[in-house]
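Novice: Give me a model of this one.
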Amino acid sequence: MYRLRENAKPTTRLPVPKVREVTGLILTHPDHRSEAQQVLLKELPIRCGELDEACDLVARFASIIVNRRGQEELERWTADAEASTLPELRGFATGLRKDWDAVVAGLTLRWNSGPVEGHVNRIKMLKRQMFGRAKLDLLRKCVLLAA
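Specialist: Below you'll find the model as predicted:
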């Protein structure tokens with residue numbers, strides 16, 4: 001039979017953050033992080049060394065996308081990601097290489113398919129709202145009148 005020690009001090013461990021919390025911290029823009037989040041983000045690489053490399057690569061990629069830095073920086077980032085120890089980022093970089101021309105065009109050209117995607121999204125929403133209620137002729141009228 002086991003006895004509990006009455007005067008034993010409880011061990012204090014830092015709470016382990018959930019994966020979703022860590023992912024949110026890494027992906028949040030640095031200007032939008034609270035003080036507590038910034039402190040936690042600085043402490044995380046101490047607990048897990050791989051997170052330091054992941055944070056650096058994610059921040060660099062976000063900067064490339066936001067600032068549309070183009071092919072040269074993306075080339076360096078992709079080479080670094082492919083050489084990293086993180087299989088997820090290596091796979092992502094490999095996926096970028098498969099459609100390299102489209103990725104470079106998306107980061108260098110000023111044209112995008114945003115308006116088209118918005119219309120497709122709106123049409124799909126109308127279709128979902130009318131599912132089982134009407135036939136194609138009414139859906140067509142709703143799409144044309146809503147435009």
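Novice: quick one: residue 17 and residue 43 touch, right?
Specialist: No. Residue 17 is beyond contact range of residue 43, at 9.7 Å (criterion: Cβ atoms under 8 Å). C-beta here means a position set from N, CA and C on the backbone, and glycine is covered the same way.
Novice: quick one, which of these two is more surrounded?
Specialist: Remark: of residue 17 and residue 43, residue 17 carries more neighbours, 15 against 12, as counted by other Cβ atoms under 10 Å.
Novice: Name the nearest residue to that one, ignoring sequence neighbours.
Specialist: residue 40 (6.8 Å; Cβ to Cβ, 6 or more residues apart in numbering).
Novice: Taking the centroid of this structure, which residue is nearest it?
Specialist: Computing the C-alpha centroid of the chain and ranking residues by Cα atoms, centre = their mean puts residue 27 first, at 5.9 Å.
Novice: next one: phi and psi at it?
Specialist: phi -90, psi -10 (degrees, to the nearest 10).
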